[in-house]
Every structure is written in C-alpha cells, then in structure tokens.
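S.K.: Prediction below, plus the sequence it came from.
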Amino acid sequence: MTIVVSCGEPAGIGPEVAAKAWDALRLPMLWIGDPCHLPPGTPVAEVAGPEEAAGMASRALPVLARDFGPPVTPGHPNPAHAQGVIDAIRDAVALIRTGRASALCTAPISKAALVSGAGFGYPGHTEYLAHLGGDVDVVMMLACEGLRVVPATIHIALSEVPRLLTPERLEAVIRITDASLRHDWGLTAPRIAVAGLNPHAGEDGLMGSEERTVIRPVLDRLRAEGMVLSGPLPADTMFHEAARATYDAAICMYHDQALIPIKTVDFARGVNVTAGLPFVRTSPDHGTAFGIAGQGVADPRSMIAALEVAGRLSGQRGTPWRP
Ligand SMILES: NC(=O)C1=CN([C@@H]2O[C@H](COP(=O)(O)OP(=O)(O)OC[C@H]3O[C@@H](n4cnc5c(N)ncnc54)[C@H](O)[C@@H]3O)[C@@H](O)[C@H]2O)C=CC1
Ligand SMILES: NCC(=O)COP(=O)(O)O
C-alpha cells in the first residue's frame, strides 16, 4: 500500500530529498504538495489519490497536487505557504485514517515559519500528530542501525525540564516505548536503558535529586511488572559502542540528551518515528537545512531510510489505523 509523504517546508530541502528518495526507491508513495516546489526535471504524475500511485511510482513521482500560490525562495520561508504545509500533514493523516494509505512520512517543517505564517499551535509534527491521532500520548523515537533513543520531554526549554519530568510522564514514555519495541519493531523482550537527568546520574544526590525522587521509583515499579530496565544511568557513558549493545532503546530526559548521540552516530541515516500513534509516522532526522536549499546537494539517505522504516513498521502492524 502507498506511503504518503507530506511536503514539509517548501523553502527547505524537503521537496528535494523526497524526489531523490523516490528516484532511489521507486516504491508506491504519494507526495502531497505543490509540484512547482520539486526540483526541476523531476518526473511527476499528478494523481487523484493513493490508489493511483501504486501503478505510477516506478515511472514518476505520484503527486497529490496543491497550489501554494507565491513562488518559493530557497532558504526563506514564505508565510503564505505555512497553511498549505499544515494542510498537507492533515490531509495525509486523513488518507491513512480512511485506510487509503499505509503510513505517513513527513518532510521537515520549520516550526517558527508555521507559527509566524499560520499561528500553528504545536511545537512540531509529533505534538500535532498526537492531536490528529485522537489526542493520544506519544513519544518521539529516533532510530538508526544499532541505536534507538527516546527523549522523555521534547520541544521545551531546558529550564522547564525538571518541572515537566514527572513520574507520570516518565512512566507513560517507558510504557509507550516498550509497546512500540514489541509491536512495531517485533522485539519479544525489549531491554530499555534509562538515563539520569543530572551529571553522574546525580551521584547519590550530590548533583541533583530527580534520580531519587522521580526516575528510580518509576523504574522500580515497572521492573516489578517484568520490564527489563537499566538505570538511571549516567548519560555521558551510556552511548559508547559497547554500552549501546546492551539495550534496545535509550530513554533520555530531554531532547538534546537523546538527539546528540544519534545524530553523532548516524546523522545520514537516522529516522524519527512517532510511537504511540494509531498509525505509522516516520521522518528523516534532519531539518529544513535552509543553508543548502535549492542547491541540489542535499543528502537523501535519511529520507530513504525513513521511507524504508515506514514500510517495515506498517508491514509489521498490518493495518493502517489501529486505535
Ligand atoms: N521533522 C522536522 O520537521 C524537523 C524540523 N527541524 C527544523 O529544521 C529547521 C532547521 O534546523 P537545524 O537545527 O538547522 O537542523 P538541520 O538538520 O536543518 O541542519 C543542520 C545541519 O545539517 C545540514 N543538513 C541537514 N540535512 C541535510 C541533508 N539531508 N544533506 C546535507 N546536509 C544536511 C544542514 O545544512 C546544516 O548544516 C528548524 O526550523 C527546525 O525546527 C529540525 C529537525 C526535524
Ligand atoms: N529535533 C527533532 C525534531 O524537531 C522533530 O520534530 P517533529 O517535527 O518530528 O516533532
């Protein structure tokens, strides 16, 4: 079945990496966006819906065309495009909800451009998709060969992390991660490592208390249910090669604690997966890369990996929408 690809920010590299990924894979995919934003020379097949995409994808990139109006200036988001970017995501989800497409792969958005251009009320896809999925609890998971990471808090200021890192949030994140490793990734006995928040995981309370007051009690409770959890671990020593081999996912306390290691290990092939949704959503790990937009030099490997993971995870689920 067809994977829907939302266009993302037209002034970024999203259209370029989508076109390159289509060329590399030629799999049934449907790009929602303005065909004018694709790199010149991209063979395009405008279609009415995902059903037509399967027969076209070997010859041309199937496109569900939208008219975004004013032209694009690479590297400079146009506020007039913001609503179209949001609508492409919403429409893609509707195609999956009605069983017409199998999964969503999103190209990167500029959060700031969507806020200023259309008053977007979400800090990223993850939170918007949680809403479109029925206001469900989700986690952001980034995956590459040999490493999966999950930030327990996502798009918030670092100063807000201690306040929002509640036992309830941490427990939900661990449960969603465990369920995703079992049901999406096919692991029968997932091993989850959990980072501390503070240096040296608090060093027995000398360098912070959240390990004692929040993290350890949650881990003890979930271990009693049979989950295989290690931690709280010092975050600075849990990502070297030998350490990575000891777990299937690392839960981190904040965005950069999780994303720095994975983007260092494999920025080129990292994939962002939203776990906990009723449908499969993946994305490349990179952003809009405004500095190189329109130059034809963007590396499509993360987008290719995102499409491949979308296909794998939706095959594992067997149904487009599972509430
Ligand atoms: N899923 C999404 O929608 C995401 C969106 N973003 C957004 O992207 C915007 C820019 O974020 P940054 O932190 O600058 O990260 P970025 O990933 O866009 O760029 C970081 C650096 O990596 C390079 N780069 C990124 N992707 C590349 C590729 N495929 N090929 C070659 N070079 C590549 C860029 O040129 C830049 O030097 C922000 O507005 C952010 O919110 C960031 C991450 C994910
Ligand atoms: N840094 C990762 C990121 O910003 C991804 O956000 P989202 O748009 O996938 O929620």
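M.R.: That came in fine, so what should we check first? Here the structure is a predicted model, which is why all the values come from computation and not from measurement. Ligands and ions are numbered 1, 2, ... in the order given.

S.K.: Contact partners for Gly146?
M.R.: Going by CB atoms under 8 Å, 6 or more residues apart in numbering, Gly146 touches Arg244, Ala245, Val265. The way it works is simple: take the backbone N, C-alpha and C, and place the C-beta from them, glycine included.

S.K.: what's the pLDDT at it?
M.R.: pLDDT for Gly146: 97.

S.K.: Could I get the phi/psi values of it?
M.R.: Dihedral pair for Gly146: phi 90, psi 0, per degrees, to the nearest 10.

S.K.: ok, now how distant is it from Pro123?
M.R.: According to CB to CB, to the nearest Å, Gly146 and Pro123 sit 29 Å apart.

S.K.: what about stretch 220-231, distance to the chain center?
M.R.: Its chain's C-alpha centre and that of stretch 220-231 lie 26 Å apart, by CA atoms, centre = their mean, to the nearest Å.

S.K.: Now do the buried residues in that stretch.
M.R.: By 16 or more other CB atoms under 10 Å, the buried positions in stretch 220-231 come out as Leu222, Met227, Leu229, Ser230, Gly231.

S.K.: Check stretch 5-22 too.
M.R.: So, applying 16+ other CB under 10 Å, buried residues of stretch 5-22: 5-22.

S.K.: average pLDDT across it?
M.R.: Mean pLDDT, stretch 5-22: 98.

S.K.: Can you confirm whether stretch 105-124 lies near ligand 1?
M.R.: Yes. Stretch 105-124 reaches ligand 1 (CB under 6 Å from any ligand atom) through Pro108, Ile109, Ser110, Lys111, Ala112.

S.K.: Would you report which members of those are assigned to helices?
M.R.: Per DSSP state H, helices hold the following members of the residues of stretch 105-124 next to ligand 1: Lys111, Ala112.

S.K.: and of the residues of stretch 105-124 next to ligand 1, the nearest to Ala289?
M.R.: Nearest to Ala289, judged by CB to CB, of those is Pro108 at 7.8 Å.

S.K.: List the residues that contact that closest one.
M.R.: Shown in contact with Pro108 (CB under 8 Å, 6+ apart): Gly8, Glu9, Gly12, Ile13, Gly14, Ser283, Pro284, His286, Gly287, Thr288, Ala289.

S.K.: element containing the second one, please.
M.R.: Counting by DSSP states H and E, there is no helix or strand that carries Glu9.

S.K.: give the contact list for it.
M.R.: Pro77, His81, Val85, Ala107, Pro108, Ile109, Ser110, Ala113, Thr288.
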